[in-house]
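# Quick one, fold the following:
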Amino acid sequence: MRLFLQWTIIIPVLAWILFFSNLIESGDVFKIVASVLLILSVMSAVHHSEIVAHRVGEPFGTIILAIAITVIEVSIIVSLMMSGGTETIALARDTVYSATMLILNGIVGLCLFIGGMKHHEQRFSQHSVTIALVSLVSIIVFTLVIPTFTESVHGSYYSTPQLIFASISCIVIYGFFLFAQTSRHRDYFLSESQDTSTEKKPSIVISNKILFTSLIFLVLSLGIVVLLAKTLSPTIESIIVGYNLPLALVGVIIAMIILLPEAIAAIIAARKNQLQTSLNLSLGSALASIGLTIPAVSLVCILFDMKIVLGLDIKAIVLLALSVFTVMLSLSRGRTNLIYGVVLLVNLFAFIFFIIYP
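Modelled structure (predicted):
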């Protein structure tokens, strides 16, 4: 435990040193090293987030990680949009759409599949999933669907009043979702083991010193992930262009990097037969990804008079509707198995396939 904790402290420090040394741009070797340190920094973030989650309890632990991941997403999108000009006006939409598809089909699918393979059937709170999905569907329609059909501005844009209304709607819905998750209906989001053993002391006692250390290195790990992802994004884009692949894949890859900490944490929880924690992470992350990212990016675009494309095309809307509908059916009965996971993973492969072969 202590050795691994030291490892998760050393890696982010090395990554920060490499970033400030300006060696990344000097050759492919340092880019490869930076990529390795990026992945290891993600692993470090997962470890520290688990410590924080264990200390503060559920569902607060999953909320902390979800919001931290959203801060990464917003930081990368805003920084790339500020430096990329008109070529990046659809980056927020592509990244948020990709993140949503990866969460609903990829993370949830893997959790259901891996959990089903090991435990055959897993149970969870149907009430918590219903609250999350109702909130998610509304936010998705406001941000990614309606802009395609509005008439105030030509194209898949919102006018400024419409953008403000959609942003406020997202914040209100996400805010009340957090209220339900942390206060009014907190018991819905607790697994049966957590709910029946609230009076038991945790098996691992985490001191305040360890908690604060993990909080600091969680922030440092997530911060260097943002900076390294931004630094390596031109290389990723050049590789994609070199292979004549669609630029929309850049948004998918960025979303994959952003979601890697939560994906690992959710899969680990599913393997431990804690599917409720996995779903709290996955659906909470999807809500935070859209409900916080779009308002934040919209505010920047309004302040700096930048255009932002939000509306999806019809094919993307159909794939998104299929994903949401499949997740709703898969999680409609409070128990699940690996078949649902397989279907969701097929949806994920279809999403990526139709990006490469539109």
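# and the gap between the one residue sitting closest to the centre of the chain and residue 303?
For the chain, the residue nearest the mean C-alpha position is residue 259 (4.3 Å; Cα atoms, centre = their mean). Remark: distance between residue 259 and residue 303 (Cβ to Cβ, to the nearest Å) = 27 Å. (Glycine included, C-beta is placed from N, CA and C.)
# Next: residue 296.
Taken as Cβ to Cβ, the span from residue 296 to residue 303 is 11 Å.
# Give me the neighbour count for the nearest residue to residue 358 once chain neighbours are set aside.
Nearest non-adjacent residue to residue 358, counting by Cβ to Cβ, 6 or more residues apart in numbering: residue 246, 6.8 Å away. The number of residues packed near residue 246 is 16, by other Cβ atoms under 10 Å.
# Which residues are in contact with residue 246?
The contact partners of residue 246, by Cβ atoms under 8 Å, 6 or more residues apart in numbering, come to 240, 355, 356, 358.
# re earlier: give me the distance from the helix or strand hosting the residue nearest to the centre of the chain to the chain's centre.
Taking DSSP states H and E as the criterion, residue 259 maps to helix 248-271. Offset of helix 248-271 from its chain centre (Cα atoms, centre = their mean, to the nearest Å): 7 Å.
# Okay, buried residues for it please.
By neighbour count with 16 or more other Cβ atoms under 10 Å, helix 248-271 contains the buried residues 248-255, 257-270.
# Dump that helix to PDB, keeping only the CA atoms.
Extracted in PDB, the C-alpha atoms of helix 248-271 (Å, rounded to 0.1, in the frame of the first residue of the first chain):
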ATOM      1  CA  ALA A 248     -14.100  13.800 -35.400                       C
ATOM      2  CA  LEU A 249     -11.800  11.000 -34.100                       C
ATOM      3  CA  VAL A 250      -9.800  13.700 -32.300                       C
ATOM      4  CA  GLY A 251     -12.800  14.300 -30.100                       C
ATOM      5  CA  VAL A 252     -13.200  10.600 -29.400                       C
ATOM      6  CA  ILE A 253      -9.600  10.200 -28.400                       C
ATOM      7  CA  ILE A 254      -9.700  13.300 -26.200                       C
ATOM      8  CA  ALA A 255     -12.800  11.900 -24.500                       C
ATOM      9  CA  MET A 256     -11.200   8.500 -24.000                       C
ATOM     10  CA  ILE A 257      -8.200  10.100 -22.300                       C
ATOM     11  CA  ILE A 258     -10.500  12.200 -20.100                       C
ATOM     12  CA  LEU A 259     -12.700   9.300 -19.100                       C
ATOM     13  CA  LEU A 260     -10.000   6.800 -18.500                       C
ATOM     14  CA  PRO A 261      -9.800   7.400 -14.700                       C
ATOM     15  CA  GLU A 262     -13.500   6.900 -14.300                       C
ATOM     16  CA  ALA A 263     -13.600   4.000 -16.600                       C
ATOM     17  CA  ILE A 264     -11.000   2.100 -14.600                       C
ATOM     18  CA  ALA A 265     -12.600   3.000 -11.300                       C
ATOM     19  CA  ALA A 266     -16.100   1.900 -12.500                       C
ATOM     20  CA  ILE A 267     -14.700  -1.400 -13.900                       C
ATOM     21  CA  ILE A 268     -12.900  -2.200 -10.700                       C
ATOM     22  CA  ALA A 269     -16.100  -1.600  -8.700                       C
ATOM     23  CA  ALA A 270     -18.100  -3.900 -11.100                       C
ATOM     24  CA  ARG A 271     -15.500  -6.600 -10.600                       C
END
